[in-house]
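*Asks:* What would the 3D arrangement of this be:
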Amino acid sequence: MSLTYHPPCIEASGHLSETAPCWTTLRSARVEALTQGWQSTVGAGRTTARNMEQLLSHLDSAYNLARWLTRNDTDAEDLVQEAYLRALKHFQSFHGGDIRPWLLAIVRNTFYTWLRQNRAPERQIPFDEEIHLAEDDHLNPEELLLQKANNNLVRHAIEELPAEFREVIVLRELEGLSYKQIADVTEIPVGTVMSRLARARKRLEQSLSQSPKPLTSSQTA
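*Replies:* Modelled structure (predicted):
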């Protein structure tokens with residue numbers, strides 16, 4: 001089941017195209033701004049072409065998270081661009097290891113900054129350290145239901161979740177991050193990550209179980 005969003009492509013000019021011939025469909029002026037930001041950062045000695053290649057190798061993951069959080073193609077493209085500029089500017093704060101969670105944390109933080117500036121706050125979920133703290137990676141009934149459900153229904157159900165639930169579902173189920181990595185990205189305890197995942201899956205199960213079942217080919221014949 002593929003629920004991952006991928007950025008559309010254009011051919012960008014200058015040094016950026018050497019490391020990223022496929023970039024999101026952004027307005028040319030914004031592409032140029034990103035290119036100039038990369039060049040100025042390199043010129044100041046704060047990063048290298050290798051650093052840029054590392055970041056751009058995870059462009060799909062960055063866009064996928066941004067698209068699920070914003071629920072809009074154009075907003076996701078703008079968000080990814082801003083997140084990459086921030087990543088380049090603060091690359092010195094990356095201290096090695098897996099760069100993808102570090103980049104996704106920047107995408108997430110950029111989203112919440114963008115949300116405060118552009119939209120009314122999304123519905124917040126109350127903190128509670130519910131059960132489900134001993135979950136393992138074996139398929140539970142909720143996950144089995146997700147696998148069997150129609151993609152469009154699953155997309156809609158995930159988009160209806162509060163942002164706090166959407167982000168942990170996307171990071172775990174679509175990006176394959178560990179509980180510890182998700183905790184680092186979202187800046188919440190591992191136990192809270194597991195609790196939110198369990199509650200998000202439960203909501204998805206309830207939503208999908210109430211959705212009309214798509215007709216099979218034999219039923220439509």
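*Asks:* CA only for contacts and neighbour counts going forward, please
*Replies:* OK.
*Asks:* Next, count neighbours for Ala183.
*Replies:* As a burial measure, Ala183 scores 20 neighbours (other CA atoms under 10 Å).
*Asks:* Who are the contact partners of it?
*Replies:* In this structure, Ala183 makes contact with 189-190, 193, judged by CA atoms under 8 Å, 6 or more residues apart in numbering.
*Asks:* Counting only helices, which of the residues you listed make the cut?
*Replies:* Counted as lying in helices by DSSP state H, out of the contacts of Ala183, are 190, 193.
*Asks:* Present the contacts of Ala183 as a markdown table; the columns should include neighbour count.
*Replies:* Converted to a markdown table, the contacts of Ala183 look like this (neighbours: other CA atoms under 10 Å):
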| residue | neighbour count |
| --- | --- |
| Pro189 | 14 |
| Val190 | 18 |
| Val193 | 25 |
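*Asks:* of the contacts of Ala183, closest to Gly176?
*Replies:* Val193 (13.7 Å; CA to CA).
*Asks:* I'd assumed Val168 was in contact with the closest one.
*Replies:* Yes: with contact defined as CA atoms under 8 Å, Val193 counts as touching Val168 (7.0 Å).
*Asks:* which residues are common contacts for those two?
*Replies:* Counting by CA under 8 Å, 6+ apart, the contacts common to Val193 and Val168 are Ile182.
*Asks:* sorry, back to before: would you list the contacts of Ala183 in CSV and tack on pLDDT and distance to Tyr5?
*Replies:* Below are those laid out as CSV (pLDDT from 0 to 100; distance: CA to CA, whole Å):
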residue, pLDDT, distance to Tyr5
Pro189, 97, 27
Val190, 97, 26
Val193, 97, 23
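*Asks:* Going along the chain, name the helices of the protein.
*Replies:* Using DSSP H, helices in the chain cover 15-19, 28-43, 49-56, 59-70, 73-89, 99-118, 141-148, 151-159, 163-169, 179-186, 190-210, 217-220.
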